[in-house]
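# sequence and predicted structure are below.
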Amino acid sequence: QVQLAESGGGLVQAGDSLRLSCAAPESIFANYGMGWFRQTPGKEREFVAAISRWVGKTYYADSVEGRFTISKDNAKNTMYLQMNSLKPEDTAVYYCAATSLVASLKVLEYNLWGQGTQVTVSS
């Protein structure tokens, strides 16, 4: 079974920064669009950021635009989410995911998911 492995979550204070990582098999990393999503209890999983396969075009949710940066390191088969100026409302479980499409902002178009990493931002 293909595995995506997130890391880097934790407890931080408002205004702090955190970087999430997502390691993927080379076959997935090279040929899939990838993205970050987040979910809080009782709410639907929501789009955070995406990066297209090959070209690496990036997309962001309005709520994180200008604060978060998605990127990929092809040599390490790893995707990152740099999160700056964190707010309490960013608290969630963050998931990395892969889609066979070039890119997508839709949860249902992603077919590979990691286990999630908790990010908690205290006020």
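Received, thanks.
# now Gly8, nearest residue through space, not along the chain?
In space, and not counting its chain neighbours, Gly8 is closest to Leu20: 4.2 Å by C-beta to C-beta, 6 or more residues apart in numbering. Where C-beta positions appear, they are placed from N, C-alpha and C, glycine not excepted.
# all strands of this structure, in order?
In the chain, the strands defined using DSSP state E lie at 5-7, 10-13, 18-23, 33-39, 46-51, 58-60, 68-73, 78-83, 92-99, 112-113, 117-122.
# check which residues of the longest one are buried.
Across strand 92-99, burial judged by 16 or more other C-beta atoms under 10 Å covers Ala92, Val93, Tyr94, Tyr95, Cys96, Ala97, Ala98, Thr99.
# mind giving me the packing neighbours of it?
Applying 3 or more C-beta pairs under 8 Å, 6 or more residues apart in numbering; DSSP states H and E, one finds that strand 92-99 makes contact with strand 5-7, strand 18-23, strand 33-39, strand 78-83, strand 112-113, strand 117-122.
# again, but for the fourth one
With contacts defined as 3+ C-beta pairs under 8 Å, 6+ apart, the secondary structure elements packing on strand 33-39 are strand 18-23, strand 46-51, strand 68-73, strand 78-83, strand 92-99.
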